[in-house]
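>>> No sequence on hand, only this structure:
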């Protein structure tokens, strides 16, 4: 495309190229965004209109009817959202606390078994997680954590550990020790030095680890599918799939799309607000597709 | 190097910091790995008692037609997904790397589907590709590209390509953003020097961009291959493995063995095989990643 026709003025040529760029880029952007926006639009149609064939483009009137239907579905959308939030809370909390402590320990101390422990934690990344769910299902049964949101959260913490520990260890490695030594001289203990001095500096790392843990737990499908049996304990993705199964062979497409919106809005919002941390995370190797 | 003066004491402190993560890894990773291998050597009905049967579960695998078919399907899916995603992501990353106005908006649009969960994204696709109320058919009919609505999930070929399009839409943004980070980490001085030497755009691409991106490309290749080999959600949700079991992936077959046929022993043996294969792939591909300095 670099060959220019000498008879065409350069500005016109570059104008045409910019136009073509925006045309292609814009059409692609529409293709990528359309399914997401379409679900939002449909969820706000009245339940009858959302299930109409052929579909209407713009809603004839805005309605929260589909969300009301979801409120009455099974244990109610609020309960399923609560389940998802509980799992996310355990996953994010557990991952952050365990990763910060371990990252600090690996960065600052020497102890027996250090390398073995570190390599074992990283080995979690090498093992495809889908193959681990069967024995975990049995083990959670033995521990009394089968069909439990806490048990599910703990398993998700384990899968997030390698990423979290790696990020936090690197974060602590990049802080000069002198800061902590000063705190020790002032009489702080090991935990105190961690809390008052280093933790503030590694906040970006903590946000990154928490963000990835949240997205992973909120969106996880296979693990809750295997671990949770009781309908009332379903997380949002499982609940959506059962809405899709329909009642008496009739699928309520309006309610389904409202549910999809509830499931995707937190992820999109978090990404838009925290995308700086997201990119840092990817750079540091959050590369578990 | 401990901060404290007493090394023995510092050693204990370090171990205490690592203990929670270490304990969780032991209980939920190391022990289950052992259980997995043990399970694979048993005749183990989901709700019954296990009995030791040695390697029977492994010896049964070659005769397991559903699983063999799933391997073929998963390999085809992996090859097609990887090729399609790489081709399209090159176009998208060229756009995302532009200095023109609105580039940031384009970049974000391509990336957003990636942060949405696979289950939610797949259900979107389920609604939109419905022959009766789906918008895809409405657009195609409206543009007179087809006469009557297409049942996208009714034939094996259409179902396969529907999943390819869904997966490309959903995961493309990740590939674009990683490629973009790779591109932007190439020192601009290299390009400036090349321009001074009179290198054409094509030569810059061929001798600077592509060689510098090699580790990134290798990484994306590994992630695409391993991710596709383990794909599950989209098949269970969009096609339920159908039509005629034509879209049953390997992980789906393992899931069915355990929770539809209630055969935990066989499912565990299949898992072990899958695990070993993926470890081998990673081991073979590791040198690709290390070539940064060549």
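Noted; the coordinates are in hand. Since this is a predicted model, take the numbers as computed values, not measurements. Residues are numbered from 1 along each chain as shown, chains lettered A, B, ... in the order given.
>>> Please tell me the pLDDT value assigned to the residue of the stretch 51-200 of chain A found nearest chain B.
Relative to chain B, the nearest point of the stretch 51-200 of chain A is residue A:109 (2.4 Å; Cβ to the nearest Cβ). (C-beta placed from N, C-alpha, C; glycine too.) Residue A:109 is assigned 91 on the pLDDT scale.
>>> Let me see the contact set for the residue nearest to it when sequence neighbours are not counted.
Distances taken as Cβ to Cβ, 6 or more residues apart in numbering or on different chains put residue B:14 closest to residue A:109, at 2.4 Å, once the chain neighbours are dropped. Residues in contact with residue B:14 (Cβ atoms under 8 Å, 6 or more residues apart in numbering or on different chains) are A:105, A:108, A:109, A:110, A:111, A:114, B:2.
>>> Disregarding flanking residues, what is the spatial nearest neighbour of residue B:116?
Residue B:116 sits nearest to residue A:264 (Cβ to Cβ, 6+ apart), 4.4 Å away.
>>> which residues in the stretch 151-294 of chain B form strands?
Using DSSP state E, counting those that start in this stretch, no strands are found in the stretch 151-294 of chain B.
>>> Next: chain A.
With DSSP state E, there are no strands along chain A.
>>> quick one, helices of it?
A:10-43, A:47-50, A:65-71, A:77-108, A:114-126, A:133-142, A:149-173, A:178-185, A:190-193, A:199-201, A:203-219, A:222-227, A:236-245, A:253-283 (DSSP state H).
>>> how close does the residue nearest to residue A:109 get to residue B:145?
65 Å (Cβ to Cβ, to the nearest Å).
>>> what's around residue A:110, how many residues?
14 (other Cβ atoms under 10 Å in any protein chain shown).
>>> so it makes contact with residue B:13?
No: under the criterion of Cβ atoms under 8 Å, residue A:110 makes no contact with residue B:13, lying 10.5 Å away.
>>> Surely residue A:266 touches residue A:217?
No: counting by Cβ under 8 Å, residue A:266 does not reach residue A:217; the two are 11.4 Å apart.
>>> Would you mind telling me which of those two has the busier surroundings?
residue A:217 (29 against 18).
>>> Help me confirm that the more buried one comes into contact with residue A:86.
No: judged on Cβ under 8 Å, residue A:217 makes no contact with residue A:86 at a distance of 9.9 Å.
>>> what do the two both touch?
If you check residue A:217 and residue A:86 against Cβ under 8 Å, 6+ apart, the residues they both contact are residue A:153.
>>> if we can go back for a sec, ok, the residue nearest to residue A:109 to residue A:163 distance?
In terms of Cβ to Cβ, residue B:14 sits 21 Å off from residue A:163.
>>> same thing with residue B:60?
Distance of residue B:60 to residue A:163, given as Cβ to Cβ: 36 Å.
>>> And the two? Which one has more around it.
More crowded of residue B:60 and residue A:163, by other Cβ under 10 Å: residue A:163, with 25 against 16.
>>> what bits of the stretch 151-294 of chain B have low per-residue confidence?
Of all residues in the stretch 151-294 of chain B, those with pLDDT under 70 make up the ranges B:288-294.
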